[in-house]
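>>> Mind looking at a prediction? Sequence and model below.
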Amino acid sequence: MADDRGEQNPEAAGQEPAEDTPAPAANNLLEQLRSDLEAAQDRLLRSHAELDNYRKRAAREIDEHRRYANLPLIRDLLPVLDNLERAIAAAENARDVAGLLEGVKLADRQFEDALARHHCLRIPALDAPFDPNLHHAIAQQPSDRVPPGTVVLVSEAGFRLHDRVVRPAQVIVSTSPPDNP
């Protein structure tokens, strides 16, 4: 059958339209979609590679930071070690005990100052109320000089780093004096 324009309609003639030859516009669209898919896959692979490289670089930086985190502390402690070695050398060659004592006291102050620069501070204990969070009682001693539960002797100094106890102070705590009949 012919339509009004004189062309034959394949459906009307009982013929199937040719489906194996797509229209040129469909071919262009298909090629464009393939190209877009390849570009997206390439971007995805590159993104995964960049993320993997970032993770490896971050892990290396964290490891290096941890490895050298104590460097400032060590730099501050080395002069203390130098002064202690000088005090030992002075003690071996001199008879002046007062000078030696002064040198050791200087090294002690220098050491504690170095710790303080790194936020490690001595825990106040002597004549302070006993605090089990800061102090470790190693003995009790009767005393009429201070109230019960007061630190009367520090056996070993305690230290705190920021707000965390590094080592509690070992102390002797007062108790009430015994009743004398």
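That came in fine, so what should we check first? Numbering: from 1, shown residues only.
>>> Run through this protein and note the low-pLDDT ranges.
1-22, 180-181 (pLDDT under 70).
>>> in which helix or strand would I find the residue nearest the centre of the chain?
Centroid-nearest residue in the chain, with C-alpha atoms, centre = their mean: Arg66, separated by 7.7 Å. Assessed by DSSP states H and E, Arg66 sits inside helix 24-67.
>>> Centre of the chain to that helix, how far?
31 Å (C-alpha atoms, centre = their mean, to the nearest Å).
>>> State the next helix or strand along the chain beyond it.
helix 71-93.
>>> for that next one, packing partners?
helix 97-117 (3 or more C-beta pairs under 8 Å, 6 or more residues apart in numbering; DSSP states H and E). Placement of C-beta: from N, CA and C, glycine included.
>>> which outside residues touch the helix or strand following the helix it packs on?
Next helix or strand after helix 97-117 toward the C-terminus (DSSP H and E): strand 120-122. Under the criterion C-beta atoms under 8 Å, 6 or more residues apart in numbering, residues 112, 115, 157-161, 166 lie in contact with strand 120-122.
>>> Would you write a PyMOL line that selects the buried entries of the residues you listed?
Under the burial definition 16 or more other C-beta atoms under 10 Å, those of those that qualify are selected in PyMOL by:
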select buried, resi 112+115+157+158+159+160
